[in-house]
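[1] Build the 3D model from these lines:
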Amino acid sequence: MKKVVRLFFVVTFVVFSTISLLHSPINAEVIELTDNDYDDFAPQINNDGNVVWYGQEGGSDWRVFLYDGTTTTQLPEDSYDDGGPQINDAGYIVWCGKEVDGGDYEIFLYDGTETKQLTDNDYDDRIPQINNAGDVVWIRGDGGNNTEIFFYDGTTETTTRLTNNNYCDEKPQINNAGDVVWQGAEGGNDTEIFFYDGTATTQLTYDTYNDSDPQINDAGDIVWQRYDGTDWEVILYDGSTMKELTNNGYDDQNPQINDPGDIVWQRHDGTDWEIFLYDGSTITQLTSNDYDDAGPQMNDSGYIVWRGKEGGNDDEIFLYDGTETTQLTDNDYEDWTPQINNAGNIVWSGYDGNDWEVFLYRSASGGSGGGGGSGGCFIDTLFCK
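    Down below sits the predicted model:
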């Protein structure tokens, strides 16, 4: 295993400017974590309130940044483009990096003290995910048109190849027990859902439809979206039984699940996207308006955050606390990719008229413990793809 020790630089540009909120709880505030002249994307937050993101520092190559509640640190100082970071509750950070002057993507892990390079090959290793045990899962290109799934055991520090076939396996997710779920284009036709329990891999779906974008909680419950030939529906597997949560003429997509088993997703009602919640027994429509509400994320207390194109112009950030919905931002710029932790703290990327910056909402309440939200769209669309 190659171990890479790198220099770290403390960046002192954290701006503690409080921004007014609409109908916000007492003592809640929004902090602008970055204020510079380059783009900062895809923030992630753990349950201690530590935040990671990547930014194009100096307008040249991309760097990974960490905010620890007080200061911001630039992690790797190297000749790589680094991006798509994820952070666990122990403060371990994983990302992919590629040499600026060429080469392929590799996976890097920061353990709070030093950075290890987990991969060193001639293939692209991308889109890593990490659990609280320090286990990491990612995809690797095989040199052709296919991708495979790899698993790094944080305890034994060994890497295992989970798939070896002639089709694309992608979008892996991992829970804190080390269970892994992903989608694979089995047979080269439609995508199916696969599950690895630490010992063996099981194919969960066998159909002629596309099953995609699986998510897994710590109880081992798995949710995903399925195209049934007409539209997308939401499917839940509880370890023994598979249940179709939706069955209608609309697209139900982007399902997310928390550890108690609540599920949130977005549905297109024929006019725009709305947010829906399944609490284990009933489905509730959380939004009903004439603009798009999308990208929901949920913590273990059932708090839900999403972006909505309020007024039909730019996207704003909204929070549902189990009782009512609060609009957290109100400006003329785009606010995207919100993530929420179990304390009810929220991070997102917002455009300030010049470039993208990172914002943090500190809640007066919202629960504690557990896992944070899953990765936002920038990981798939802007980096490590």
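
[2] for E99, what are its contacts?
    Neighbouring residues of E99 by C-beta atoms under 8 Å, 6 or more residues apart in numbering: 79-81. From N, CA and C alone the C-beta is placed, and that goes for glycine too.

[3] okay if I get these as JSON lines plus neighbour count, secondary structure and pLDDT?
    Output for these, formatted as JSON lines (neighbours: other C-beta atoms under 10 Å; DSSP: H, G, I helix; E, B strand; the rest coil; pLDDT from 0 to 100):
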{"residue": "S79", "neighbour count": "12", "secondary structure": "coil", "pLDDT": "73"}
{"residue": "Y80", "neighbour count": "23", "secondary structure": "strand", "pLDDT": "82"}
{"residue": "D81", "neighbour count": "20", "secondary structure": "strand", "pLDDT": "90"}
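
[4] And K3, what's its pLDDT?
    Per-residue pLDDT puts K3 at 41.

[5] what's the answer for K309, then?
    For K309, pLDDT reads 94.

[6] Name all residues that make contact with it.
    Contact partners of K309, counting by C-beta under 8 Å, 6+ apart, are 291-293, 315-316.

[7] Would you quantify the distance from it to G350?
    14 Å (C-beta to C-beta, to the nearest Å).

[8] Then W182?
    31 Å.

[9] ok, back up a step: and the contacts of E99 as TSV, adding distance to S281?
    As requested, those are exported to TSV (distance: C-beta to C-beta, whole Å):
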residue	distance to S281
S79	54
Y80	48
D81	47
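
[10] so D335 bridges to which residues?
    Taking DSSP bridges, one obtains G350 as the residues bridged to D335.

[11] Please apply the same query to Y80.
    Where Y80 sits in a bridge, its partners, by DSSP bridges, are E99.

[12] Name all residues that make contact with it.
    Here Y80 is in contact with 61, 97-100 (C-beta under 8 Å, 6+ apart).

[13] cutoff 10 Å now
    6, 61-64, 95-100, 103, 105-106, 108, 117 (C-beta atoms under 10 Å, 6 or more residues apart in numbering).

[14] Now, the residues you listed that are in strands?
    Counting by DSSP state E, these place 63-64, 95-99, 105-106, 108, 117 in strands.

[15] just to revisit the earlier point, of the contacts of Y80, keep whichever come out buried.
    Among those, the ones that count as buried by 16 or more other C-beta atoms under 10 Å are 61-64, 95-98, 105-106, 108, 117.

[16] Just the CA coordinates for stretch 165-177, please, in CSV.
    The C-alpha coordinates for stretch 165-177 follow below in CSV (Å, rounded to 0.1, in the frame of the first residue of the first chain):
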residue,chain,number,x,y,z
ASN,A,165,-17.8,-9.2,-15.3
ASN,A,166,-18.3,-7.6,-18.7
TYR,A,167,-20.9,-4.9,-17.9
CYS,A,168,-21.0,-1.7,-15.9
ASP,A,169,-21.4,-1.8,-12.2
GLU,A,170,-21.8,1.6,-10.7
LYS,A,171,-23.3,3.9,-8.0
PRO,A,172,-22.2,1.9,-5.0
GLN,A,173,-23.4,2.9,-1.5
ILE,A,174,-22.2,1.5,1.8
ASN,A,175,-23.8,1.4,5.3
ASN,A,176,-22.0,1.4,8.7
ALA,A,177,-22.2,-2.5,8.8
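
[17] Quick one: mean pLDDT for that stretch?
    96.

[18] Now do the buried residues in stretch 244-264.
    245-246, 250-260, 262-264.

[19] Give the pairing partners of the helix or strand encompassing I31; include direction for each.
    Assessed by DSSP states H and E, I31 sits inside strand 29-32. Strand 29-32 sits in its sheet next to strand 15-19 (antiparallel), strand 356-362 (antiparallel), going by DSSP bridges.

[20] still on that earlier bit, could I get the contacts of K309 as CSV with distance to V52?
    Conversion of the contacts of K309 to CSV gives the following (distance: C-beta to C-beta, whole Å):
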residue, distance to V52
Y291, 30
D292, 27
D293, 26
D315, 22
E316, 23
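
[21] Between which two of those residues is the distance greatest?
    Farthest-apart pair in these is D292 and E316; separation 11.1 Å (C-beta to C-beta).

[22] Overlap in contacts, the two.
    Joint contacts of D292 and E316 (C-beta under 10 Å, 6+ apart) are 306-310.

[23] one step back: so after the strand holding I31, what's the next helix or strand?
    strand 40-45.

[24] so how far is the helix or strand following that following strand from its chain's centroid?
    As assigned by DSSP H and E, the chain's next helix or strand after strand 40-45 is strand 51-55. Remark: strand 51-55 is offset 12 Å from the chain centroid, using C-alpha atoms, centre = their mean, to the nearest Å.

[25] Nothing else from me, thank you.
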